[in-house]
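J.: model the following, please.
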Amino acid sequence: MPGCLVPPSGQLKLRQYGRLVAAVGLKRDGSGGMINWGTTNYDYRGAHPQLVRILPGPEHMSAFVAEGSGSRLELVKSNQASLLGIPKRIRRLIFDTIINSVDSIAIDLDKETKFNCGLLHTNQEILETWRSHFLFHNHFILTVATSDVRTTFQNFDNLRRFLRKSFKSGYSRDPMTDESMRTIATSGRDRPTGLDYILRFDLSSPATLSDIRINILPFVMATSTTPTHHEVTIQIWTPTPDGSSAMTAAHSMPLTRLRLNVIKAILDCAFTGISNKSYLPDFWTNGFGEIVETVHDSVDDTGGAWGPASEIALGIYHPVVVRTLHPIDRNYRECEADLGCEYYDDTQFFPFRADEKETLVYLMKSIDDYPKYFKT
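T.: Sure, this is the predicted structure:
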């Protein structure tokens, strides 16, 4: 688009711009007028895309004035901010290019705990929508690390806090409702989106995947709302002679397989009745995701990994009063908190303090078409 037109004969000479000019309006007093700049684009409706003309919106309007008693006509420069003054579709392209990464976004949860976006305060639209675009339209690889062969990853605290963060989103059924990072992580049309996980073992001496031990139930619960086709990878890193470290072993598996292994272990406990406690034992896997140990004398059924996601408190008339219902609980219950309902204890809220009945039902819902897995 030209910034200034100065024809010697007093005419705008708009014919040279051809289809870029949609319309020209003149003021009756001869003081100037308006130009509506046209655009061309592909129409993808139907079986055969075709080049069509699309009339632009108000952002394509330019004013011109007559100077020198009509001998010189020039466009009036816009006083809008540069980003807000360009066409909306171009602004959206800039927005998407910055917010939506082409490559996967790797996040080390031991070092990074929040997102930064330089476009945040450009305008109100970006401020309100950037987080949803960023979280739902990108692919993330989340890493938690440990230096122990046998580990709980501190009950996966960093990962758990990261996945439980909630924010206002316009991408859910209800406009601008509370959502969290795990809700709409699916495969995108143009590139993969969603969440994959890396459990990294930085060891001081050589070890194999069979040597690894992970208290896995806290991890399975923390990631239970990530779509089933996403993966978790266990990596072993050991020192090299030059003082650095190198990956010596790795194994990846879909979350469905890991969840199924845990579900089968819970069913074994339920049918054998070995433990008479109200909460589940610790399930330890190796680096292949196989349950290799079940510890029934676990006493840690509160705090840490089992702190409720929703904000609850002891009530006067009801044993448990809900102050705010976390999206994880809301989606599981398919409703908001009902103040008329009686909640007997905090095992009714995610992650259910490892309660056997609630946890099993919840995990069964977290795998797709689960009956077919028990036939193989």
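J.: all helices for the stretch 51-200 of the chain, in order.
T.: 82-85, 88-99, 124-136, 153-164 (DSSP state H, counting those that start in this stretch).
J.: just say which of the ones you listed is most tucked in.
T.: helix 153-164 (a mean of 20; mean count of other Cβ atoms under 10 Å). For every residue, glycine as well, the C-beta is placed using N, CA and C.
J.: ranking the helices of the stretch 51-200 of the chain by mean pLDDT, which is last?
T.: Lowest mean pLDDT of the helices of the stretch 51-200 of the chain: helix 82-85, a mean of 63.
J.: ok, and what's touching stretch 150-157?
T.: The contact list for stretch 150-157 (Cβ atoms under 8 Å, 6 or more residues apart in numbering) reads 144, 146, 159, 199, 201, 212-215, 218-219, 222, 284, 304-305.
J.: let's see it at 7 Å
T.: Surrounding stretch 150-157, the residues in contact under the criterion Cβ atoms under 7 Å, 6 or more residues apart in numbering are Val144, Thr146, Arg213, Ile214, Asn215, Pro218, Phe219, Ala222, Gly304, Ala305.
J.: as a markdown table, those residues with distance to Gly194 would be great.
T.: Shown next, in a markdown table, are the contacts of stretch 150-157 (distance: Cβ to Cβ, whole Å):
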| residue | distance to Gly194 |
| --- | --- |
| Val144 | 17 |
| Thr146 | 24 |
| Arg213 | 28 |
| Ile214 | 22 |
| Asn215 | 25 |
| Pro218 | 21 |
| Phe219 | 17 |
| Ala222 | 15 |
| Gly304 | 26 |
| Ala305 | 23 |
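J.: what is the nearest of those residues to Thr248?
T.: Using Cβ to Cβ, Thr146 comes nearest to Thr248 of those, at 15.6 Å.
J.: so the closest one is in contact with Ser204, correct?
T.: No: using Cβ atoms under 7 Å, Thr146 is not in contact with Ser204; the gap is 12.0 Å.
J.: show me which of the two is the more surrounded one.
T.: Using other Cβ atoms under 10 Å as the criterion, Thr146 and Ser204 rank with Thr146 on top: 18 against 10.
J.: so, low pLDDT: which residues of the stretch 1-150 of the chain?
T.: Counting by pLDDT under 70, the stretch 1-150 of the chain has low-confidence residues at 1-12, 19, 38-60, 70-71, 78-85, 113-128.
J.: which parts of it are strands?
T.: 21-26, 32-37, 39-43, 50-54, 61-67, 72-75, 105-108, 139-146, 150-151 (DSSP state E, counting those that start in this stretch).
J.: check the stretch 151-300 of the chain too.
T.: Counting by DSSP E, counting those that start in this stretch, the strands of the stretch 151-300 of the chain are 166-169, 177-180, 194-202, 213-215, 231-239, 245-254, 282-285, 291-295.
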